[in-house]
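*Asks:* what's the 3D shape of this:
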Amino acid sequence: MVACICMWIHLATDLSTEYPFGKAICRVGSFLQVLSVTVSVLSLTAVVLNRFLSAITRTFSCVTQTRYKLTIFLIWLIGVVLSFPWLLYTKLVDFDWAGGHERYCVEIFPSKSSRTVYVTFFTCCVYAAPLTFMLILATVTLAHPSHTPSAPTSQMALRMKRRAQQMILVVLITFIICWTPQQATLLWDVYRDPDIPKPTNIAAIKYTAIYLAYSNSAINPIIYIVFNDCFQHVLWKFARCKIRPNAEIRVTPASAQVCSVISVSSS
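*Replies:* Numbers count the residues shown, from 1 in each chain. Purely as a prediction, here's the structure:
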């Protein structure tokens with residue numbers, strides 16, 4: 001969603017002298033960006049919590065399809081609710097100056113205090129607190145000693161599990177590095193003293209922060225390739241044109257190549 005929609009809206013806006021789109025995109029663009037952050041944080045929280053419970057509590061059962069679907073539904077529902085103010089208060093504003101006409105897409109909350117409360121709540125409770133909680137859980141999960149099995153199949157399954165835990169931690173740290181500057185600029189914007197002139201380089205800082213956040217979508221696939229043996233295997237097959245479009249990919253830990261690719265003929 002970030003790579004396909006939000007990034008291109010910002011890029012077109014930055015390359016134009018005024019906002020180039022209409023009211024609908026103005027409202028939806030900011031809403032989708034906040035929605036993507038919220039859903040990403042909540043999804044990571046669910047994954048990290050599941051890994052933690054699986055590693056610490058041996059009796060913890062795997063997530064069923066029903067729970068899986070319910071979790072996804074709740075994540076998106078919460079994301080839409082928390083992001084809705086941007087859909088409600090983002091507006092396209094026209095300014096007529098003596099020197100010409102300008103158009104901006106801005107967030108106009110009912111009051112400055114309401115915007116301050118919302119941004120503070122989002123940054124602290126939806127962003128910072130869950131990420132701190134996840135960092136603790138991911139670190140504890142990775143440091144938790146695992147029973148070393150004797151069977152080769154079990155050893156491979158354990159190796160895949162450990163690499164998955166490492167991958168989650170790296171994904172989490174990368175997300176924090178990429179998105180924290182953008183969240184910090186939003187927080188600075190609501191608490192800055194309006195009587196003090198803005199720094200001359202603030203536009204460049206905000207520009208760098210937003211595109212650093214967008215770069216997270218490009219970095220994640222690289223992380224998956226590095227830590228996921230099955231992903232590497234399938235990608236190498238695709239690169240050598242050895243996988244048909246209708247192939248079915250199955251993970252088989254007992255296999256020497258971790259996963260297998262099965263061609264399925266269409267009826």
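
*Asks:* rest of the way, CA atoms for contacts and neighbours
*Replies:* Noted.

*Asks:* Grab the longest helix from this protein for me.
*Replies:* Taking DSSP state H as the criterion, the chain has its longest helix at helix 152-191.

*Asks:* Which SSE is immediately downstream of that helix?
*Replies:* The helix or strand immediately downstream of helix 152-191 is helix 202-227, counting by DSSP states H and E.

*Asks:* my guess is I225 contacts Q232, does it?
*Replies:* Yes. Using CA atoms under 8 Å, I225 is in contact with Q232, at 5.4 Å.

*Asks:* thinking again about what came up before, next, the angle from the longest helix of the chain to helix 202-227.
*Replies:* 170 degrees (axes from the mean of the first three to the mean of the last three CA atoms, to 10 degrees).

*Asks:* Please state the offset of helix 152-191 from the chain centre?
*Replies:* Remark: helix 152-191 is offset 10 Å from the chain centroid, using CA atoms, centre = their mean, to the nearest Å.

*Asks:* So which bits of it are buried?
*Replies:* The neighbour-count check on helix 152-191 (16 or more other CA atoms under 10 Å) flags 155-158, 160, 162-172, 174-176, 178-183, 186-187, 190 as buried.

*Asks:* do stretch 12-24 as well
*Replies:* By 16+ other CA under 10 Å, the buried positions in stretch 12-24 come out as 13, 19-20.

*Asks:* same question, stretch 47-60
*Replies:* Neighbour-count burial for stretch 47-60, counted by 16+ other CA under 10 Å, picks out 48-53, 55.

*Asks:* Same check on stretch 124-136?
*Replies:* Judged by neighbour count using 16+ other CA under 10 Å, the buried positions of stretch 124-136 are 126-128, 130-131, 134-135.

*Asks:* Now distance to L32 and pLDDT too, for those, in TSV please.
*Replies:* TSV is the format used below for the buried residues of stretch 124-136 (distance: CA to CA, whole Å; pLDDT from 0 to 100):
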residue	distance to L32	pLDDT
V126	16	90
Y127	16	92
A128	20	92
P130	20	92
L131	20	92
M134	23	91
L135	25	90
